[in-house]
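**Q** What shape does this take:
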Amino acid sequence: MIRLFPVFILSSCLLLPHPVTWGKPLARITVEAGDYTRLDTPVSLDLSGVPFGFPNEKPSLIEIKGNRRVPVQAQLEPGSPPRLWWILSGETPAGGKRIYELSRSSAIVSQEPGVQVTKNDLVLVLRKGEQKILQYNHAIVPAPEGQSKLYDRGGFIHPLWSPSGSILTNIHPKDHYHHLGIWMPWTHTEFEGKPVDFWNLKEGQGTVRFNRFLSTTSGPVYGGFQAQQDHVALKTSSGEKVVLKEIWDVRVYNVGGPEKGYWIWDFVSTQRCVANSPLLLEEYRYGGFGYRATGDWKGETAAYLTSEGKTRKDGHATRARWCDTAGVSDGQWKGITFFSNPRNFRHPEAMRIWPEFEQEVFFNWAPVQTGEFEMKPGRDHVFRYRQYVHEGKVDVEKTEQLWSDYAHPPKIEMETAQPDGAIILFGGADFSHWTTGSDKKVGWERVGDAMKVVPGSGSVMTKQDFTDFKMHAEFKTPQLPPNVKGQGRGNSGIYIQRRYEVQILDSFGLEPKNNECGSLYRFKAPDRNVCSMPGRWQSYDIIFHAAKFDGGRKVKNARITVWQNGVLIHNDVELENKTGAGRQEGPEPGPILLQEHGNEGWFRNIWIEPL
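**A** Predicted coordinates:
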């Protein structure tokens, strides 16, 4: 089976010629440079259909270089689907190819520390070694003394450091106390017939609040975090109301550094209206992803340059693929180039640039400049940006090379091999591994690469019985109206041996309970609720050891470990008996049952490996 993948750019890894041993490859990977020369280019691919990717496992990636097999530092991102990240080290010329093999064997690769995350009650810092890169303020940062408490806010990036250690951001400047380093609120909006300004905080109409961290990641290829933020309307007819749920996905890549004079990091904001009414974003000159530069940058010590050749004097309200902002800090020129992703809404995006020569530097990607738009309840809006933080003035040739990597990533062709012991229960092709347990035909539908639960059609189960195993499955619950409550919100489950249920439900944002998503149904709540919003793919990774019997007497309880969306939620839990409506325990093995409980739902990328 051969699959083609667009590649998203990420962080670095090393190629070290150590002799290693490796097992049977799970996949052979070909990376094609295409029309562009690549230099230390981060790449990734999803591992759908490859029975590899448990959060507690490390990938083994080998580059084939003639007769040599060279270990490559790689990083696994658990999720739906899991993804593999690594770096095309050195130069790959236009038209060139690189060949890799992926296996489960542990290759001996230099343990470079990569990018690390440190976090306390106030801030999260991403760093490489002793060098700080950026800081996310999750706690409330109070307004300057004497200013309105409405300026109190968390959920923004400051400081952002240059590779040489200069601070390139500013917060609470006297001309705009609401400016906060790097942040992303909307300005002129309308909600339930009233104006709401999430940007100009002194108006008291709206604000943005940090809610929780969804994940933090340190690794040899990238380090980062995912944080949930709430956009709150403060003066609705029923008081405060959360209008948007936003997830920031921030990743710093292990490329560049002080010795090479640059950092690369990505920012992705996914926003969803979670209210009953839509949010109208009115046409306006600014709003969205914003950057306020250090106060050192102004006059002759500051400059802008866009991909279209525009500068401070003529760049405002134009559209561009990228924009470089630069200035003098600690006696030297430094800059940040902001890239807009071609998949973004209204790309190339319009920009707010302060044109006045003596003003400090402010930059804003502002899609609202080119017209109003509406965020409807339950729909995701994704905004993707890359930042190139560099020493010195902008190098247009280098910037265009980085733009090509971001906008036109290398292509990946992956040929998968069936590993010994693993069984692809559903890879998107058919229901050949599934039955209803009777002569009745499977009534679920195949939609793309997924199987859709058809209400009223009955549950499905594997034709094969299992005892001890590890298993990966991905699922999605439907987006339902707010008046649908409780167990009616996409109810399903994975029944192990038809005895023990791992619950599936739309439980986003709720307290962990023993009947909510991630629970061992009616037996144990998950250690934490890590559910994504409905309509997004999620994953379970399960390790199961069956109960042991001596004749008809049970001598050892079943045990289960579960990760949801890459986060451990049940750690080697002892199952004292069946759960919920499961069948009675016994010495015989049993199938995996996917429950139909009167609700729509979806499953995909299901594999199992007997232990």
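
**Q** Disregarding flanking residues, what is the spatial nearest neighbour of the residue nearest the centre of the chain?
**A** Nearest residue to the geometric centre of the chain (Cα atoms, centre = their mean): residue 249, 5.4 Å. Excluding the flanking residues, the one nearest residue 249 by Cβ to Cβ, 6 or more residues apart in numbering is residue 268, at 4.2 Å. For glycine as for every other residue, the C-beta is placed from the backbone atoms N, C-alpha and C.

**Q** same check, this time on residue 346
**A** Using Cβ to Cβ, 6+ apart, the closest residue to residue 346 is residue 367 (4.4 Å).

**Q** can you count the residues close to the one you found?
**A** Here the number of neighbours of residue 367 (other Cβ atoms under 10 Å) works out to 22.

**Q** so how far is residue 50 from the residue nearest to the centre of the chain?
**A** Residue 249 sits 23 Å away from residue 50 when distances are taken as Cβ to Cβ, to the nearest Å.

**Q** rewinding a little: hmm, the residue nearest to the centre of the chain is touching residue 224, no?
**A** Yes: applying Cβ atoms under 8 Å, one finds residue 249 in contact with residue 224, separated by 7.0 Å.

**Q** for the stretch 351-500 of the chain, what spans make up the strands?
**A** 362-365, 373-375, 380-391, 411-416, 423-426, 434-435, 445-447, 450-453, 460-462, 469-476, 492-496, 500-504 (DSSP state E, counting those that start in this stretch).

**Q** Buried deepest among those, which one?
**A** Ranked by mean neighbour count, the strands of the stretch 351-500 of the chain are led by strand 500-504 with a mean of 26 (mean count of other Cβ atoms under 10 Å).

**Q** for it, what is the average pLDDT?
**A** Summarised as a single mean, pLDDT over strand 500-504 is 98.

**Q** packing partners for it?
**A** strand 492-496, strand 538-545, strand 558-564 (3 or more Cβ pairs under 8 Å, 6 or more residues apart in numbering; DSSP states H and E).

**Q** Please name the bridge partners of the residue nearest to residue 249.
**A** residue 249, residue 384 (DSSP bridges).

**Q** Can you tell me how far it is from residue 399?
**A** 21 Å.

**Q** Check residue 44 too.
**A** Taking Cβ to Cβ, one finds residue 44 at 22 Å from residue 399.

**Q** okay, those two: which has more neighbours?
**A** Taking neighbours as other Cβ under 10 Å, residue 44 and residue 399 compare with residue 44 leading, 23 against 20.

**Q** Phi, psi for the more buried one please.
**A** phi -150, psi 160 (degrees, to the nearest 10).

**Q** right, and it touches residue 85 too?
**A** Yes: using Cβ under 8 Å, residue 44 makes contact with residue 85 at a distance of 4.5 Å.

**Q** Low-confidence ranges, the stretch 201-350 of the chain, go.
**A** Counting by pLDDT under 70, the stretch 201-350 of the chain shows no low-confidence range.

**Q** List the buried residues of stretch 168-179.
**A** In terms of neighbour count (16 or more other Cβ atoms under 10 Å), stretch 168-179 has its buried residues at 168, 169, 170, 171, 172, 173, 177, 178, 179.

**Q** can you tell me which residues contact the first one?
**A** For residue 168, the contact set (Cβ atoms under 8 Å, 6 or more residues apart in numbering) comprises 159, 160, 161, 162, 293, 294, 329, 334, 336, 389.

**Q** With the last one instead?
**A** Listed by Cβ under 8 Å, 6+ apart, the contact set of residue 179 reads 170, 171, 172, 173, 290, 292, 362.

**Q** before we move on, back to that, any idea how far the residue nearest to residue 346 is from residue 287?
**A** In terms of Cβ to Cβ, residue 367 sits 8 Å off from residue 287.

**Q** returning to that earlier point: between residue 249 and residue 224, what contacts are shared?
**A** By Cβ under 8 Å, 6+ apart, no residue touches both residue 249 and residue 224.

**Q** helix, strand or coil for residue 163?
**A** Under DSSP: H, G, I helix; E, B strand; the rest coil, residue 163 falls in the coil class.

**Q** now it: how far from residue 137?
**A** When residue 163 is compared with residue 137 (using Cβ to Cβ), they lie 22 Å apart.

**Q** swap in residue 302?
**A** Taking Cβ to Cβ, one finds residue 302 at 25 Å from residue 137.

**Q** circling back to that earlier point, possible to save the strands of the stretch 351-500 of the chain as CSV with distance to residue 574?
**A** Compiled in CSV, the strands of the stretch 351-500 of the chain are given as follows (distance: least, Cβ to Cβ, whole Å):
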stretch, distance to residue 574
strand 362-365, 52
strand 373-375, 46
strand 380-391, 39
strand 411-416, 36
strand 423-426, 26
strand 434-435, 30
strand 445-447, 37
strand 450-453, 30
strand 460-462, 24
strand 469-476, 17
strand 492-496, 14
strand 500-504, 11
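
**Q** And residue 370, how close does it get to residue 346?
**A** Taken as Cβ to Cβ, the span from residue 370 to residue 346 is 6 Å.

**Q** Mind listing what's buried along stretch 295-314?
**A** 296, 297, 298, 302, 303, 304, 305, 306, 307, 310, 312.

**Q** I am finished for the moment; much appreciated.
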